[in-house]
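S.K.: starting from these lines, generate the structure:
(chains A and B)
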Protein chains: 2
Amino acid sequence: MDSRTGLPTVGMVGGGQLARMTHQAAIALGQSLRVLAEHPDDSAALVAPDVSLGSHLDLAALREFAARCDVVTFDHEHVPGDHIRSLAAGGHTVYPSAEALRYAQDKAVMRQRLSDLGIPVPRYLVVPSDDVTGPDEVVDRVTAFGRDAGWPVVVKTARGGYDGRGVWVVRDADAVRDLVTGFEPVPDLVLEELVPLSRELAAVVARSPFGQAAAWPVVETVQEDGICVEVVAPAPELPEDRAAAATRLALTVAHRLDVVGVLAVELFDVPVSSAAPDGLQVNELAMRPHNSAHWTMDGSVTGQFEQHLRAVLDYPLGRTDAVAPWTVMGNVLGGPADGPGAAVSLDERVHHLAARFPDVKVHLYGKGYRPGRKLGHVNVCGSDLAELRRRARLSAQWLGDGVWADGWSSDEAATAEAGGDR
Amino acid sequence: MDSRTGLPTVGMVGGGQLARMTHQAAIALGQSLRVLAEHPDDSAALVAPDVSLGSHLDLAALREFAARCDVVTFDHEHVPGDHIRSLAAGGHTVYPSAEALRYAQDKAVMRQRLSDLGIPVPRYLVVPSDDVTGPDEVVDRVTAFGRDAGWPVVVKTARGGYDGRGVWVVRDADAVRDLVTGFEPVPDLVLEELVPLSRELAAVVARSPFGQAAAWPVVETVQEDGICVEVVAPAPELPEDRAAAATRLALTVAHRLDVVGVLAVELFDVPVSSAAPDGLQVNELAMRPHNSAHWTMDGSVTGQFEQHLRAVLDYPLGRTDAVAPWTVMGNVLGGPADGPGAAVSLDERVHHLAARFPDVKVHLYGKGYRPGRKLGHVNVCGSDLAELRRRARLSAQWLGDGVWADGWSSDEAATAEAGGDR
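M.R.: Residues are numbered from 1 along each chain as shown, chains lettered A, B, ... in the order given. Take a look at the predicted model:
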């Protein structure tokens, strides 16, 4: 508790963009986020005054950090469960708990638990590393699964993958052999059928220790090369009953796994079947503010970063209504280092974006440039979905690449495009 | 320019809540605001990592600060013009300029200049301190003005007043004598007729060095004891032509005074007359983000703090459309230290507010409690104006006093009031 303001102090382990934007939300609540960052130039460390430098793997650093916070929460899923349990045993309030976070840390454990709860997931098989004698046996297991469930097979490492890393699609036994040869040592694996999905959805909710939960509208997430590039809120043409089923499913997961904070449930939109009675299967879980809800910063009464703070503080949750018929989020990914726009500085990019689309909201993370790196995102709200998607795509690509994909030139354009339609 | 991100650095002189909220906006633009604060526990110093401690009256401190910024701007109007000119002469970019800011610093100069520009202002008389031999002559001048323009007379100090300080309404010669006896020494004064206003309005615009300007909808501001307690956006029942005239007037002031950044023009809504052909007269000017535009943080596509940054950086300005039919802002003023709710901690207040009104947006400034002090504000958006005003009033008062003015008790209430109507 801050003795001067009488308000609590939340600490976040990890100094990435999620912590950065959580600090931004904390300011409105009269607070200032404490951050445990690895490097002084981490995204959040650049904007928050109370930063401790240390590793999320170092229990002593975590303990020292937690001693100065009323609640500890996380920017990522990489804090070992044993460390979290140690903090809790030491009397610190930590959300989500180690028991809940486990299901976002380990896909094998998550698949098993969701199956047990009767929640639809793709057909899967866990292959624990200590259950196989070596790479040859892994190949045999995957091949048998492929024969049984059909090729191609999705091979995932149980822990540590994100943004498409740690996930491979293999088409036959030869491809399996090539993949497994690269493993050293063989990790715990989860094998899954390649689901005939029409698209990906996300149902994002927040839940407090008191047990209150609030859900944002279900969104469509668009991936390229395993990385989310676009989110459309709400998901276009999603039948009302399927949207309600997705929300119900996310609330059930939050409740049954005792999640506190934001929970994102990534879903496959699939044909209705006995394995997907509502036309939905769970892909992944994330227990923290999530890319699929970045649209809420501008598109909802309560943004996900404020809601995560409310939840871990056991404050009542905020309204989650959309403030416009549609919001589109576009991720800004660093373009090729030798691309045609590489020489255009980020300052110039922001300048020209503001000139062309005065209604597009920019969120930059202060990160150094690297090809493919998530450098920020844009949101745009309104009522003409096709136009919003055009603006979000063009804007995100321009900020990432320094190139307007439609050839627009600021030199030729006398005026901004008429902005917004709310 | 931040060499790592390639983005510019804005520095703000003054560490109050305006700097605090400007930092919040800077985060989205990939930046971090530099702040020159007087005390380490100033509102902005609590949330921004790059804070220099120093006085805005100390030229050496200003110079050292400016050397680390691409643009310098202000949280308040109290930096001496000569200091600002020195910075500019030293090659620093400072917005607004000393020449523009003068009109927000000195009411005598402002009244004269606006009159010269043909902009309607109340009937006034400047009484420079070096033009009077002593208090008796001040009494004579005010009395003569009262005889001429009618009693009561509004007496204002030309410089240094704000939130009702430095403004007195005197009803007769005796009251003038009582007032003037308290002056030591006699300051420069501006005498004004007490305008028969029906209400106060504010037209807030932003302008960039390039000359681009953008205006938010004209709002009604509600004052109590000279302090703004409520803002309604847009101003209810304001005829379209009067709203357009108010906007035109603010854009004219911004242009003619070469303002850069946010400009708030406080207006009196008065009967149409030869002295007020559009039914409007200018009360005050502020050249910085302003209380009358706090509603834009939740109620407009572009909030005033982001817009101020865009303007001083000479970025193209953002869209200023409202995102809901109505937004109401309520100021949170510290209640009496011995009031019935004084024992209710701010944490409890936030908690119960969140429980009762999940659609109300809270903005707290991290300031220590003091009766009458502006501790924060709330915004609420929707379509039922009377209900929004009720929510904003109750919420602001609850946060300030720890008392629900309507007697609501969280113990009796089973659920939150149905929130929002967007």
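S.K.: phi, psi of the spatially most central residue of chain A?
M.R.: The residue lying closest to the centre of chain A (Cα atoms, centre = their mean) is residue A:290, at 3.2 Å. Main-chain torsions, residue A:290, degrees, to the nearest 10: phi -140, psi 150.
S.K.: list the contacts for it?
M.R.: Counting by Cβ atoms under 8 Å, 6 or more residues apart in numbering or on different chains, residue A:290 touches A:202, A:204, A:262, A:264, A:304. For glycine as for every other residue, the C-beta is placed from the backbone atoms N, C-alpha and C.
S.K.: next one: residue A:124
M.R.: A:111, A:190-193.
S.K.: distance of it from chain B?
M.R.: 38 Å (Cβ to the nearest Cβ, to the nearest Å).
S.K.: what residues are bridge-paired with that residue?
M.R.: With DSSP bridges applied, residue A:124 shows beta-bridge pairing to residue A:192.
S.K.: and residue A:7, by the same measure?
M.R.: Going by DSSP bridges, residue A:7 is paired in beta bridges with residue A:2.
S.K.: low pLDDT regions in the stretch 201-350 of chain A?
M.R.: Of all residues in the stretch 201-350 of chain A, none has pLDDT under 70.
S.K.: which positions in it make contact with chain B?
M.R.: A:301-302, A:310, A:315-319, A:321, A:323-324, A:345-347, A:350 (Cβ under 8 Å from any Cβ of the partner chain).
S.K.: okay, the contacts of residue A:290 in JSON lines with neighbour count, distance to residue A:48 and secondary structure next?
M.R.: Formatted as JSON lines, the contacts of residue A:290 follow (neighbours: other Cβ atoms under 10 Å in any protein chain shown; distance: Cβ to Cβ, whole Å; DSSP: H, G, I helix; E, B strand; the rest coil):
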{"residue": "A:202", "neighbour count": "26", "distance to residue A:48": "27", "secondary structure": "strand"}
{"residue": "A:204", "neighbour count": "28", "distance to residue A:48": "24", "secondary structure": "strand"}
{"residue": "A:262", "neighbour count": "28", "distance to residue A:48": "19", "secondary structure": "strand"}
{"residue": "A:264", "neighbour count": "25", "distance to residue A:48": "23", "secondary structure": "strand"}
{"residue": "A:304", "neighbour count": "30", "distance to residue A:48": "18", "secondary structure": "helix"}
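S.K.: just give me the closest of these to chain B.
M.R.: Relative to chain B, the closest of the contacts of residue A:290 is residue A:304; by Cβ to the nearest Cβ it sits at 14.6 Å.
S.K.: give me the contacts around the helix or strand containing residue A:21.
M.R.: Element membership of residue A:21 [criterion: DSSP states H and E] is helix A:17-28. Applying Cβ under 8 Å, 6+ apart, the external contacts of helix A:17-28 come out as A:10, A:12, A:32-33, A:35, A:37, A:42-44, A:46-48, A:75-76, A:288-289, A:297, A:303, A:305-306, A:308-309, A:363, A:365-367, A:374, A:376, B:20-21, B:23-24, B:27-28, B:47, B:361-364.
S.K.: the helix or strand following it: partners in the sheet, and parallel or antiparallel?
M.R.: Later in the chain than helix A:17-28, the nearest helix or strand by DSSP H and E is strand A:34-37. Looking at strand A:34-37 with DSSP bridges, its partner strands are strand A:10-13 (parallel), strand A:50-53 (parallel).
S.K.: need these in a markdown table with mean neighbour count, can you?
M.R.: A markdown table is the format used below for the strands paired with strand A:34-37 (neighbours: other Cβ atoms under 10 Å in any protein chain shown):
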| stretch | mean neighbour count |
| --- | --- |
| strand A:10-13 | 28 |
| strand A:50-53 | 18 |
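S.K.: would TSV of the ones you listed with mean pLDDT be doable?
M.R.: Below are the strands paired with strand A:34-37 laid out as TSV (pLDDT from 0 to 100):
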stretch	mean pLDDT
strand A:10-13	98
strand A:50-53	98
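S.K.: format the ones you listed as JSON lines; extra columns: distance to residue B:166.
M.R.: Converted to JSON lines, those look like this (distance: least, Cβ to Cβ, whole Å):
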{"stretch": "strand A:10-13", "distance to residue B:166": "40"}
{"stretch": "strand A:50-53", "distance to residue B:166": "37"}
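S.K.: select, out of those, the one closest to residue A:269.
M.R.: Each of those has some distance to residue A:269 by Cβ to Cβ; the shortest is strand A:10-13, at 32.1 Å.
S.K.: give me the residues contacting the closest one.
M.R.: Applying Cβ under 8 Å, 6+ apart, the contact partners of strand A:10-13 are A:18-19, A:22, A:26, A:31, A:33-36, A:44, A:56, A:62, A:65-66, A:68-76, A:79, A:309, A:312-313.
S.K.: could you list the domains of chain A?
M.R.: According to automatic domain parsing, chain A comprises the domains A:10-94, A:123-193, A:199-401.
S.K.: how near is the residue nearest to the centre of chain A to residue A:113?
M.R.: Plainly put, residue A:290 is 19 Å away from residue A:113 if you go by Cβ to Cβ, to the nearest Å.
S.K.: with residue A:41 instead?
M.R.: 38 Å.
S.K.: looking at these two, which one has more neighbours?
M.R.: Shown here are residue A:41 and residue A:113; by other Cβ atoms under 10 Å in any protein chain shown, residue A:113 has more neighbours (18 against 14).
S.K.: wait, the more buried one sits on residue A:257?
M.R.: Yes. Contact status for residue A:113 versus residue A:257: in contact at 7.3 Å, counting by Cβ atoms under 8 Å.
S.K.: name the nearest residue to the residue of the stretch 101-250 of chain A found nearest chain B, ignoring sequence neighbours.
M.R.: Among all residues of the stretch 101-250 of chain A, residue A:214 sits closest to chain B, at 8.2 Å; criterion: Cβ to the nearest Cβ. In space, and not counting its chain neighbours, residue A:214 is closest to residue A:317: 4.2 Å by Cβ to Cβ, 6 or more residues apart in numbering or on different chains.
S.K.: so how far is residue A:210 from that neighbour?
M.R.: From residue A:317 across to residue A:210, the span is 10 Å (Cβ to Cβ).
S.K.: of the two, who's got more company?
M.R.: residue A:317 (23 against 12).
S.K.: are we agreed that the more buried one is in a helix?
M.R.: No. Read with DSSP: H, G, I helix; E, B strand; the rest coil, residue A:317 is coil and lies in no helix.
S.K.: spit out the contact partners of it.
M.R.: A:206, A:208, A:212-214, A:302, A:307, A:310-311, B:354, B:358.
S.K.: who wins on neighbours among those residues?
M.R.: residue A:311 (32 neighbours).
S.K.: contacts only, for that residue.
M.R.: A:95, A:206-208, A:260-262, A:317.
S.K.: helices - which of the residues you listed land there?
M.R.: Assigned to helices by DSSP state H, none of the contacts of residue A:311 qualify.
S.K.: so can I have JSON lines of those residues showing distance to residue A:138?
M.R.: Converted to JSON lines, the contacts of residue A:311 look like this (distance: Cβ to Cβ, whole Å):
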{"residue": "A:95", "distance to residue A:138": "37"}
{"residue": "A:206", "distance to residue A:138": "39"}
{"residue": "A:207", "distance to residue A:138": "37"}
{"residue": "A:208", "distance to residue A:138": "42"}
{"residue": "A:260", "distance to residue A:138": "37"}
{"residue": "A:261", "distance to residue A:138": "35"}
{"residue": "A:262", "distance to residue A:138": "35"}
{"residue": "A:317", "distance to residue A:138": "44"}
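S.K.: A strand includes the residue of the stretch 101-250 of chain A closest to chain B, no?
M.R.: Yes. When three-state DSSP is applied, residue A:214 is found to be in a strand.
S.K.: ok, it - contacts?
M.R.: A:205-206, A:302, A:307, A:317-320.
S.K.: do residue A:9 as well
M.R.: So residue A:9 contacts A:1-2, A:31-32, A:34, A:68-71 (Cβ under 8 Å, 6+ apart).
S.K.: where does it land on pLDDT?
M.R.: On the pLDDT scale, residue A:9 is placed at 97.
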